[in-house]
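Q: What would the 3D arrangement of this be:
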Amino acid sequence: MSNTEASPGELSCGDGPTAGPGRVQVLGAREVPLGGPRAMPVRRTLPQRARSLIGAWCFADHYGPDDPGGSGGMAVGSHPHTGLQTVSWLFAGEIEHRDSLGSHALVRPGELNLMTGGLGICHSEVSTPETTTLHGVQLWVALPEAHRHTGRDFQHHVPPLTGLGRGATARVFLGTLAGETSPVETFTPVLGAELTLGAGTRLTLDVDPGFEHGVLVDTGAVTLAGTPLARAELGCLDAGAPRLELANPGGGPARVLLLGGPPFGEEILMWWNFVARTHEEVVAFRAAWEAGSNRFGAIPEVPGAPRIPAPALPRVRIRPRRNPAR
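A: Here you go, the predicted model:
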């Protein structure tokens, strides 16, 4: 998915000061139109001033349930990426994906599509005409320095539904949780799982204490380590906790995404759809996209979703932005 903001800010992202073991940091979301002021809105929780990363997870957009008949749905034309992997996960609807590796795939609920764009890739994402409700998340994983210039790749995986007991289930699409391990390859350890909790369910999960964790609430309301989280909020825990305590105090089911990974340990620069290390790299990536460079390849234009030009660069040079002390 593209970051379609017309004037995206430049972010210098690092681990920064921590919140402290066992203390939950709650991040709200800001609404961003996907493709223009009349387009489908998405709720963005990463990155923001309060926090840039959860492990290598560096970008999180949460959208829907949306009626494509009213908003036009998702119609994101060809756009570039560098230095990252994109993770597409749907709760409802269907999206058609094309990329310059030659992949042509459908994104469906409960199925993972992971695209690697290290040195450079371009792709498009368009909701299908059959989609009456569009609901899901788009996530990015930053590539570490040793692999950030890797070639293009695309992986698809359908994780099994795993019962956790006590009215809870999981679909582990990346990493390992509750005895389930995803076969999908990443370049740094990450955890990604969809969890559902029935009404009144309390759940304790054993997790890697070397991981930071984030819980993004999709439906319902939950508590993380006793801290309430409302719909679309992201609760973050720094590394050090050997288990996570989740509860659904409501009268209906709740659904969350659990993200995790070891502290990334590298500062990254994000601007538009590029993950880089320096301002000069971003300038070069933008120029290459505007010039139609082979760095990104090309895909056929999709009707109703034209190629997206790069926004203008800001007039000022990047200034480091770190997490404020808490």
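Q: pLDDT wise, what is the residue nearest to residue 286 when sequence neighbours are not counted at?
A: Taking Cβ to Cβ, 6 or more residues apart in numbering as the measure, residue 286 lies nearest to residue 310, with 4.7 Å between them; neighbours along the chain are not counted. Placement of C-beta: from N, CA and C, glycine included. Predicted confidence (pLDDT) at residue 310: the value is 96.
Q: Next one: residue 310 from residue 65, what distance?
A: When distance is defined by Cβ to Cβ, to the nearest Å, residue 310 is 31 Å away from residue 65.
Q: got it, and residue 71?
A: Taking Cβ to Cβ as the criterion, residue 71 is separated from residue 65 by 11 Å.
Q: With neighbour numbers in mind, choose between the two.
A: Set side by side, residue 71 and residue 65 give different neighbour counts by other Cβ atoms under 10 Å, the larger being at residue 71 (20 against 14).
Q: ok, now how distant is the more buried one from residue 47?
A: According to Cβ to Cβ, residue 71 stands 25 Å off from residue 47.
Q: Buried residues, the helix or strand hosting residue 58. List them.
A: Here residue 58 is covered by strand 57-66, with elements defined by DSSP states H and E. Of the residues in strand 57-66, those buried under the neighbour-count criterion (16 or more other Cβ atoms under 10 Å) are 57, 58, 59, 60, 61, 62, 63, 64, 66.
Q: Show me which pair in these is furthest apart.
A: In these, the most distant members under the criterion Cβ to Cβ are 58 and 66, with 24.0 Å between them.
Q: tell me the centre residue of the protein?
A: residue 139 (1.2 Å; Cα atoms, centre = their mean).
Q: Next one: it, what pLDDT does it get?
A: Reported pLDDT at residue 139 in the predicted model: 98.
Q: That one: what secondary structure?
A: Applying DSSP: H, G, I helix; E, B strand; the rest coil to residue 139 yields a three-state assignment of strand.
Q: leaving aside the residues next to it on the chain, what's closest to it?
A: Ranked by Cβ to Cβ, 6+ apart and with sequence neighbours excluded, the top spatial neighbour of residue 139 is residue 87, at 4.1 Å.
Q: Backbone dihedrals for residue 119, please?
A: Recorded main-chain torsions at residue 119 are phi -60, psi -30, according to degrees, to the nearest 10.
Q: From residue 265, how far out is it?
A: Taking Cβ to Cβ as the measure, residue 119 falls 22 Å from residue 265.
Q: send the alpha carbons of the strand holding residue 58 over as CSV?
A: Coordinates of each C-alpha in strand 57-66 appear next as CSV, following Å, rounded to 0.1, in the frame of the first residue of the first chain:
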residue,chain,number,x,y,z
TRP,A,57,7.5,-2.9,12.3
CYS,A,58,7.7,0.7,11.1
PHE,A,59,4.2,1.4,9.5
ALA,A,60,0.7,0.4,10.4
ASP,A,61,-2.5,1.5,8.6
HIS,A,62,-5.9,0.1,9.8
TYR,A,63,-9.0,0.6,7.6
GLY,A,64,-12.6,-0.3,7.4
PRO,A,65,-15.1,-1.7,7.5
ASP,A,66,-15.6,0.4,4.4
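Q: buried residues in the helix or strand following that strand?
A: Sequence order places helix 68-71 as the next helix or strand after strand 57-66, per DSSP H and E. By 16+ other Cβ under 10 Å, the buried positions in helix 68-71 come out as 68, 71.
Q: which stretches of the stretch 201-326 of the chain form helices?
A: Shown for the stretch 201-326 of the chain, the helices assigned by DSSP state H, counting those that start in this stretch span residues 279-290.
Q: low pLDDT regions in it?
A: Scanning the stretch 201-326 of the chain for pLDDT under 70 picks out the ranges 318-326.
Q: The same query, at a cut-off of 80, please.
A: When residues are selected by pLDDT under 80, those of the stretch 201-326 of the chain lie in 317-326.
Q: Phi, psi for the residue nearest to residue 175 when sequence neighbours are not counted please.
A: Nearest residue to residue 175 in three dimensions, chain neighbours excluded: residue 191, at 3.7 Å (Cβ to Cβ, 6+ apart). The phi and psi values for residue 191, taken as degrees, to the nearest 10, are phi -130, psi 130.
Q: give me the beta-bridge partners of residue 191?
A: Beta-bridge pairing for residue 191 (DSSP bridges): residue 260.
Q: can I assume it is in contact with residue 176?
A: Yes - counting by Cβ atoms under 8 Å, a contact exists between residue 191 and residue 176, whose distance comes to 7.1 Å.
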